[in-house]
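S.K.: The following block contains a protein sequence and its predicted model.
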Amino acid sequence: MSATVYLRVEGKKYGGWQDIHIEKSMSALCGAFQVRVIDTGELKNSRWPLMMGRECEVFIEDQLVLAGHIEDINIEYTFDQHSIVIAGRDKLGDLVDCHRAFDQRREWFDYRVINIIRAILAPFKFEIVVDSSATSAVNKVEEQFGFNDGDTIFETIRRICRKHYIIPVTYGDGKLVLTRSGNTYSHDSLLSGTNILRGGLRRSDRDRFSHYYMKGYSIGFDEKTLSDFTHPKGDARDQLIARYRPFVFIEDTNTSFGGCTSRAKAEAALRAGNSIVYEFEVAGWLQSNGLLWQLNQLVRITDSVLGINQKDLLIDQLRFVQGSDGQRTTIQLCTPEKYKAEADLEKATGAVDSFAMLFGGA
């Protein structure tokens, strides 16, 4: 099913793009786009009054994919044709690039997580949406939290979110959504021999370790005992890494013994989840119901080549591409446990067990 892409700038639509690349990711926060048109007619500046920094919305079949800014304009021409390339990112790209100014507050005591995030984002005036799955987590109180020198806004937000198993993401409308691993399903499944044009699995244990040791610090308060805040530490084990590979890291926010243990387990689960990447390519950009594929949705996979039978995986990254071979959607998936707060290490790593025969063991 072919789809139409257009940019809307100051209420005016710009279409006719020949090469299109739109990418969205749960881990990168902001999406990005690049579109190109090649024309054999006369180049006229008035025909493309697109300027750097202008707000821009990207649509596929009237479905908003990305709301951001134009950041790159490249024009090339020869005696018989010219090309124009327009590129940009989601509005939240500013959070990825920018740092906290020195004259702004940099530390908070006894603040709820949501209030800290609101204070951090206040100068940027971005709307924050709290998904119902994260309501309890964002209302937890941080005894102490502050910026680390050199960290960007997004790195700081991700640090406090990761501690509370919250996923900061945007779905393309320019809003920061605080959520958890999705539990809704895409309309279409992915089936080898039916709609999968290309499928693959990438595994790497380079960044996985057998033992995770976390150390931290805690602030003493009158209502706490000495053991509550004296050198808190915790550990976790990845049973699928057979040889001895220890990893030690320091929690840079106020924590406790229980917090260190939870954080060590989360680190192990996250690295286990990152070690397994599934990628599938399908024709077109739309599902059979006319809707785009969406981040943070579950997809049922049946792939006889990879030995996957009705497995539920989470959409972690999307690429909508148009080139000489038509329109394609590349869907990168991960195990849902990568982002789930309640997931234990065995769930996060157990996904590789079904591939033992294919790849000579876990």
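M.R.: Sure, I can see it. Numbers count the residues shown, from 1 in each chain.

S.K.: Let me see the domain layout of this protein.
M.R.: What automatic domain parsing lists as the domains of the chain is 5-90, 95-179, 190-203+276-282+289-359, 211-274.

S.K.: what about the longest one, average pLDDT?
M.R.: In other words, domain 190-203+276-282+289-359. Confidence over domain 190-203+276-282+289-359, taken as the mean pLDDT, stands at 83.

S.K.: now that domain: how far from the chain's centre is it?
M.R.: Domain 190-203+276-282+289-359 sits 15 Å away from the centroid of its parent chain (Cα atoms, centre = their mean, to the nearest Å).

S.K.: where does this structure dip in pLDDT?
M.R.: Low-confidence regions of the chain, defined here as pLDDT under 70, cover residues 1-2, 40-49, 217-231, 251-257, 341-362.

S.K.: quick one on the thing from earlier: can you add mean neighbour count and give the domains of the chain back as a markdown table?
M.R.: The way it works is simple: take the backbone N, C-alpha and C, and place the C-beta from them, glycine included. Output for the domains of the chain, formatted as a markdown table (neighbours: other Cβ atoms under 10 Å):
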| stretch | mean neighbour count |
| --- | --- |
| domain 5-90 | 16 |
| domain 95-179 | 16 |
| domain 190-203+276-282+289-359 | 17 |
| domain 211-274 | 17 |
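
S.K.: you'd agree Ile250 is up against Gly216?
M.R.: Yes - if you go by Cβ atoms under 8 Å, Ile250 and Gly216 touch, sitting 6.8 Å apart.

S.K.: partner residues bridging Asp235?
M.R.: For Asp235, the beta-bridge assignment (DSSP bridges) gives partners Tyr213.

S.K.: and Arg8, which of the three is it?
M.R.: strand (DSSP: H, G, I helix; E, B strand; the rest coil).

S.K.: can you pull the contacts of it?
M.R.: 14, 56-57, 59 (Cβ atoms under 8 Å, 6 or more residues apart in numbering).

S.K.: That one pairs with what?
M.R.: The residues listed as beta-bridge partners of Arg8 by DSSP bridges are Lys13, Glu57.

S.K.: What separation do you get for it and Phe320?
M.R.: According to Cβ to Cβ, to the nearest Å, Arg8 and Phe320 sit 17 Å apart.

S.K.: Just say helix, strand or coil for Val305.
M.R.: For Val305, the reduced secondary structure class is coil; criterion used: three-state DSSP.

S.K.: wait, what's in contact with the closest residue to it other than its chain neighbours?
M.R.: In space, and not counting its chain neighbours, Val305 is closest to Ser192: 5.7 Å by Cβ to Cβ, 6 or more residues apart in numbering. For Ser192, the contacting residues are 199, 302-306, taking Cβ under 8 Å, 6+ apart as the criterion.

S.K.: Then Gly53?
M.R.: Going by Cβ under 8 Å, 6+ apart, Gly53 touches 69-71.

S.K.: Which single one of those residues is nearest to Thr4?
M.R.: Here the nearest of the contacts of Gly53 to Thr4, counting by Cβ to Cβ, is Ile70; it sits at 19.7 Å.

S.K.: tell me which element the closest one falls in.
M.R.: Using DSSP states H and E, the element containing Ile70 is strand 63-77.
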